[in-house]
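>>> just to be clear, the model below is a prediction. Sequence and coordinates:
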Protein chains: 2
Amino acid sequence: MGQTDLPSYHHGNLRRAVLDAALEAITASGPSGWSLRELARRAGVSHAAPAHHFGDKAGVLTAVAAEGFELFADSLERAADDPFGSGVAYVRFAVDHRPYFEVMFRPELYRPDDPALAAARERAGAVLAASSRKLSPGGAADRTTTIAAWSLAHGFADLWLSGALPESADGDVEELARAVLQVVFGRD
Amino acid sequence: MGQTDLPSYHHGNLRRAVLDAALEAITASGPSGWSLRELARRAGVSHAAPAHHFGDKAGVLTAVAAEGFELFADSLERAADDPFGSGVAYVRFAVDHRPYFEVMFRPELYRPDDPALAAARERAGAVLAASSRKLSPGGAADRTTTIAAWSLAHGFADLWLSGALPESADGDVEELARAVLQVVFGRD
DNA sequence: GAGTCATCTTGTCACTGGCAAGATTGCTGC
DNA sequence: GCAGCAATCTTGCCAGTGACAAGATGACTC
């Protein structure tokens, strides 16, 4: 019985543990309602351990945003055939991965020029642009239509998450999202 | 020469001074990038003075949100005749009163059940609802159209403020907003 | 099994939020 | 014109936080 579950000096995967703790904390109390030391406690390490991996609090949020944009790009890619489906996927991502979404579009929280983050953000942007290109193929209004579609999905997601829509309380997100997105995307 | 501009014990209008300092600080570094003590220093009072008026940090942000919703309702009222104009006013408000807007739709930052705030929020909501009622008069799709219009304006404003739109760098907000809003509001 | 280096700990400092107790001053009634 | 009162603001304090420095531990390599 030599081997016990005594905590070893080296955690093994502290980086992931801190990120997971951060996601939980953001879910519970927003992107600023927690401390680095609290994440350290949740991961069972000393108060200064997270700093080694992330530098500071902004470093943690940068990593969260980067991972978020990667997952976001994945989600959008799976629906890239169809602009309407991309819109639904946009809203679904916001609701299903709320802690990521709450950080991603708030660049003052992290370091927007971080290379890994910038790459992920641009990948997501490219997928989004490609899918919206199918909305109004060749037309001169391309850019305007793209921004309108993006704004609609983004605004709906943001209003839903903030609880501004009374429907947030009990309604079904996807059902309402489909009806709303139809207004611009013009089909079912 | 008896009367000098020596700082008196009583500030005179500390509440407003702290609010103004908060608005400046939010403009500079977001709704969480500052401390109560910093606001006190800016207002030239002791570190505990703001607490008397606002209780704590959430109290300051509650007051900011309440004032924001009042100003927001005022802006929307001036454009209430016309749904399209309301949409433009929505975006204008977000851009012209950015620090307010950045707090208003983030209820985890303040106390959403504060009476003054709730009243202001409901006033703004009522103005918005009244104006959007003119969009699709009598139709069954009323609620959906309303949410779509709201989402479009809100999403555009949020994306613009976050810098997600490349156009944020140099373009003219109102021009682009008008073009984008037209997609749902369907006129110029 | 010695050297190397990433990982994690301990210790520390200035700063923050929030509370308690006291000082100052405007105001109200007389 | 002044006594008493209540609002306003101050000083002092404490636990908790972010950030840094220096040292301990152990995994990995040759």
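Noted; the coordinates are in hand.
>>> taking chain A, what residue is nearest to chain B?
When scored by CB to the nearest CB, chain A has A:G155 as its residue closest to chain B, at 2.4 Å. (Each C-beta comes from the backbone N, C-alpha and C, glycine too.)
>>> so that residue, which state does it fall into?
helix (DSSP: H, G, I helix; E, B strand; the rest coil).
>>> residues contacting the residue nearest to it when sequence neighbours are not counted?
Nearest non-adjacent residue to A:G155, counting by CB to CB, 6 or more residues apart in numbering or on different chains: B:G155, 2.4 Å away. Contacts for B:G155 were tallied using CB atoms under 8 Å, 6 or more residues apart in numbering or on different chains; they are A:W150, A:S151, A:L152, A:A153, A:H154, A:G155, A:F156, A:A157, A:D158.
>>> what's the closest of the residues you listed to DNA strand D?
A:D158 (25.4 Å; CB to the nearest atom of the strand).
>>> surely that closest one is in contact with B:F156?
No. Using CB atoms under 8 Å, A:D158 is not in contact with B:F156, being 11.0 Å away.
>>> ok, these two, which is more surrounded?
Set side by side, A:D158 and B:F156 show more neighbours around B:F156, with 27 against 22, by other CB atoms under 10 Å in any protein chain shown.
>>> A:E174 versus the residue lying closest to the more buried one once chain neighbours are set aside, what's the distance?
Closest residue to B:F156 apart from its sequence neighbours, by CB to CB, 6+ apart: A:S151 at 3.9 Å. Using CB to CB, to the nearest Å, A:S151 is found at 19 Å from A:E174.
>>> where do the helices sit along chain A?
Ranges of helices in chain A, per DSSP state H, are A:14-29, A:36-43, A:49-54, A:57-78, A:83-96, A:98-104, A:115-132, A:142-162, A:173-185.
>>> quick one: the residue lying closest to A:R178 once chain neighbours are set aside from DNA strand D, how far?
Computed as CB to CB, 6+ apart, the closest residue to A:R178 that is not its neighbour in sequence is A:V88, at 6.3 Å. According to CB to the nearest atom of the strand, to the nearest Å, A:V88 and DNA strand D sit 36 Å apart.
>>> neighbours of A:V88, how many?
19.
>>> if I read this right, it contacts A:A179, doesn't it?
No. Checked against CB under 8 Å, the pair A:V88 and A:A179 is beyond contact range at 11.0 Å.
>>> need the residues of chain A near DNA strand C, please.
A:9-12, A:14-15, A:40, A:45-49, A:52-53 (CB under 7 Å from any atom of the strand).
>>> now do 6 Å
Proximity of chain A to DNA strand C, by CB under 6 Å from any atom of the strand, involves residues A:Y9, A:H10, A:H11, A:G12, A:L14, A:V45, A:S46, A:H47, A:A48, A:A49, A:H52.
>>> filter those to the buried ones?
With burial judged by 16 or more other CB atoms under 10 Å in any protein chain shown, the buried subset of these is A:L14, A:V45, A:A49.
>>> pick the one among those residues closest to A:F105.
Comparing those against A:F105 with CB to CB places A:L14 closest, at 27.6 Å.
>>> distance-wise, check the closest one relative to A:L135.
44 Å.
>>> residue ranges with poor pLDDT in chain A?
For chain A, applying pLDDT under 70 flags the ranges A:1-7, A:9, A:136-141, A:187-188.
>>> spell out which residues of chain A are next to chain B.
Chain A comes close to chain B at residues A:29-30, A:32-33, A:105-109, A:112, A:144-145, A:147-148, A:150-159, A:162-165, A:167, A:176, A:179-180, A:182-184, as judged by CB under 8 Å from any CB of the partner chain.
>>> what subset of those residues is buried?
A:30, A:32, A:105-109, A:144-145, A:147-148, A:150-159, A:162, A:164-165, A:167, A:176, A:179-180, A:182-184.
>>> spatially nearest residue to A:A22 (excluding sequence neighbours)?
Closest residue in space to A:A22, ignoring its immediate chain neighbours: A:V60 at 5.3 Å, by CB to CB, 6+ apart.
>>> correct me, but the one you found touches A:V18?
Yes. A:V60 lies in contact with A:V18 (CB under 8 Å); the separation is 6.7 Å.
>>> tell me which of those two has more neighbours.
Ranked by neighbour count (other CB under 10 Å), A:V60 and A:V18 place A:V60 first, with 28 against 23.
>>> ok, how many other residues are close to the nearest residue to A:A51 once chain neighbours are set aside?
Among residues not flanking A:A51 along the chain, A:L36 sits closest, at 7.1 Å (CB to CB, 6+ apart). Each residue near A:L36 was counted by other CB under 10 Å, and the total is 19.
>>> quick one, what contacts A:L36?
If a contact means CB under 8 Å, 6+ apart, then A:L36 has A:H47, A:P50, A:A51, A:D56, A:K57, A:V60 as its contacts.
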